[in-house]
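# Need the 3D shape of this:
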Amino acid sequence: MGMRPESMERWGIVGIFKEAATLLRKHYRLFMPFFLAFHLPASFLAVFQNVFLVASGPPFHHTNFVNGAYSTAHKRAEVDTDNQPSFVLSYTFLLLIFIFSTFAVAAFAYIVEYVYSKVDTASDDDSITKKVLKLLPHAFLRMFVTQIWITLVLVLLVIACAIFAAILSAILSALVGGTSGPTPAFYVFFFLPMVIGTVAVMVMFALAQFVAVLEKEKYGRLALKQSTMYARGRAGTIFGIVLFGEIIGFSIVFPAQAVANAGLSLWIKIIVASILSILFSVVSAYVGLVGIVMYFVCKSNSEAVLPEFQRGSNIPAVENPYKPVVYGTSQPETVGVP
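Numbers count the residues shown, from 1 in each chain. Next up, the predicted model:
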C-alpha cells in the first residue's frame, strides 16, 4: 500500500491481509505450539463432525466473528429418535470445537500483541509460550462471558423482529384481509430487518472477543461497547473481512458433505476428512489472524483520530504505538506484554 508504519490505522483490507501473512510467515514458530494444541484439533473436530455426524440437513449459522476454526461445525444435527446418542455426540463435538477454537483465538491474539511489543521474538519462544498458557484460562472465561452477551443480543434481535413482523402483518391483514396464521408478509417483515440487524451486530461486535482477550478489564457488555467504538469509521473493512471469514467457514461444508454422501468406505472417508482438516486448519488460522490484525488496525484508528474528529474531548490525538512488521522490523519497546 506504500504507506509508513505509523499509518496502520489507515489500512484497508489489502493491508490487513498482507500484515497477517507476514506475521504468519515470520513468526510461525510462536504460533505453532498453539496451532497444534488447539486450532488443529478444532479443525479436525469440525470436519469430522460434518462428515460423520451431519449427513444432511440445512446449515445452522452462528453469527459471531470469533469463529475461525469452528464456524463450519454449526450445522443443525439431525434429530433421530432411534439414534439419540448421535444427537448428543454432535453437540458434544460443538462444545469441544468452541473450547479449542476459543483457546486458539486467545493464544494467537496474545502472540500478535507480543510480536508488536518486542524487537527480538526468536530468542524467547519457550518463555512466551508458557506465559500465554498461564493467561489462557482467564481469557477463556472473559470470552465466554462476552459470547453470552452476544448471544443475548441476537436473541433480543430475533424477538424484536418477530414482534415487528407480527404487528405489521396484522395491520396489513386488517387492511386487505387474509388468512389466519403466518403469512408471506410476516416472513418478509421478519427476515428483512433480521438480516440487516444481524449484519449490523456482526460488524459492531466483530472485535469484541479480541477486546475481551487483550483488554482484560473490558469483557462482556464492556467488550461489546468497546468493539462498537473501534468499529466506527471502519464498517466497510470489517464487513469485508467478516464476509470473507464466513465464506471460508462455509466452504468446508460442501466438500465435507460430498465426502459424507459419496458412498466411500470408512477408511477412505477418514483419510479424505483428515486431508480436508489439515487444509482447513491452515486457511482458517490465517483468517483468524486477519481478524486479530483487524483489531489492532481499528484500535489504532480509534486512538489516532485527528483532534477535530474527537467529539466532546479535549484530549489530543495519541501517537499510534503499533509498528507493523509488514512495512518494517522496528517495534515499540512496550505494548502490554502478556
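
# Packing partners of the strand or helix carrying Phe296?
Element membership for Phe296, per DSSP states H and E: helix 266-303. Helix 266-303 is packed against helix 13-26, helix 40-48, helix 84-115, helix 208-214, helix 221-231, helix 235-251, helix 253-260, with contacts defined by 3 or more Cβ pairs under 8 Å, 6 or more residues apart in numbering; DSSP states H and E. The C-beta positions use only the backbone N, C-alpha and C, and glycine is treated the same way.

# Any buried residues in that helix, and which?
Neighbour-count burial for helix 266-303 flags 269, 272-273, 276-277, 280-281, 283-302 (criterion: 16 or more other Cβ atoms under 10 Å).

# Now do it and helix 40-48, the angle between them.
Interaxial angle, helix 266-303 versus helix 40-48 (axes from the mean of the first three to the mean of the last three Cα atoms, to 10 degrees): 120 degrees.

# what about helix 266-303, average pLDDT?
For helix 266-303, mean pLDDT rounds to 85.

# same thing with stretch 194-210?
90.

# Show me which residues of that stretch are buried.
For stretch 194-210, burial by neighbour count (16+ other Cβ under 10 Å) applies to 194, 197-198, 201-210.

# which one of the helices and strands packed on helix 266-303 is the most hemmed in?
Burial of the helices and strands packed on helix 266-303 is given as mean neighbour count (mean count of other Cβ atoms under 10 Å); helix 208-214 ranks first at a mean of 29.

# and it, what other elements does it pack with?
Other helices and strands packing on helix 208-214, by 3+ Cβ pairs under 8 Å, 6+ apart, are helix 84-115, helix 125-176, helix 221-231, helix 266-303.

# one more time with 7 Å, if that's ok
Packing partners of helix 208-214 (3 or more Cβ pairs under 7 Å, 6 or more residues apart in numbering; DSSP states H and E): helix 84-115, helix 125-176, helix 221-231.

# isn't His39 right up against Ser281?
Yes. With contact defined as Cβ atoms under 7 Å, His39 counts as touching Ser281 (5.8 Å).

# still on that earlier bit, determine how far the helix holding Phe296 lies from the middle of the whole chain.
Averaging C-alpha positions (Cα atoms, centre = their mean, to the nearest Å) puts helix 266-303 10 Å from its chain's average.

# picking that back up, among the helices and strands packed on helix 266-303, which comes closest to Ala185?
Of all the helices and strands packed on helix 266-303, helix 235-251 sits nearest to Ala185, with 28.6 Å by Cβ to Cβ.

# The closest one to helix 221-231, inter-axis angle?
With the same axes, to 10 degrees applied, the angle from helix 235-251 to helix 221-231 works out at 110 degrees.

# now the angle from helix 235-251 to helix 13-26?
Using the same axes, to 10 degrees: helix 235-251 against helix 13-26 is 60 degrees.

# name the helices or strands packed onto helix 235-251?
Counting contacts by 3+ Cβ pairs under 7 Å, 6+ apart, helix 235-251 packs against helix 13-26, helix 184-204, helix 266-303.

# could I have the second one exported to CSV, CA atoms only?
This means helix 184-204. Taking Å, rounded to 0.1, in the frame of the first residue of the first chain, the C-alpha atoms of helix 184-204 are listed here in CSV:
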residue,chain,number,x,y,z
PRO,A,184,-45.8,-14.3,3.4
ALA,A,185,-45.8,-10.7,4.5
PHE,A,186,-44.9,-11.9,8.0
TYR,A,187,-41.8,-13.6,6.8
VAL,A,188,-40.8,-10.6,4.7
PHE,A,189,-41.2,-8.2,7.6
PHE,A,190,-39.3,-10.7,9.8
PHE,A,191,-36.3,-11.7,7.7
LEU,A,192,-35.6,-8.3,6.1
PRO,A,193,-34.9,-6.5,9.4
MET,A,194,-33.4,-9.7,10.8
VAL,A,195,-30.8,-9.8,8.0
ILE,A,196,-30.0,-6.1,8.4
GLY,A,197,-29.8,-6.4,12.2
THR,A,198,-27.6,-9.5,12.1
VAL,A,199,-25.1,-7.8,9.7
ALA,A,200,-25.0,-4.8,12.0
VAL,A,201,-24.4,-7.0,15.0
MET,A,202,-21.6,-8.8,13.2
VAL,A,203,-19.9,-5.6,12.3
MET,A,204,-20.3,-3.8,15.6
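
# re the thing from before, take the helices and strands packed on helix 235-251 and write them to JSON lines, including distance to Ala104.
Below are those laid out as JSON lines (distance: least, Cβ to Cβ, whole Å):
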{"stretch": "helix 13-26", "distance to Ala104": "14"}
{"stretch": "helix 184-204", "distance to Ala104": "20"}
{"stretch": "helix 266-303", "distance to Ala104": "7"}
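
# For my notes, please list the helices and strands packed on helix 208-214 in TSV and give distance to Leu24 for each entry.
TSV is the format used below for the helices and strands packed on helix 208-214 (distance: least, Cβ to Cβ, whole Å):
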stretch	distance to Leu24
helix 84-115	10
helix 125-176	15
helix 221-231	23
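
# Would you single out the least confident of these?
Across the helices and strands packed on helix 208-214, helix 84-115 has the smallest mean pLDDT, namely a mean of 84.

# That one to helix 125-176, inter-axis angle?
120 degrees.

# Check the offset of helix 84-115 from the chain's centre.
Distance, centroid of helix 84-115 to centroid of chain: 11 Å (Cα atoms, centre = their mean).

# Before I go, just wanted to say thanks for your time.
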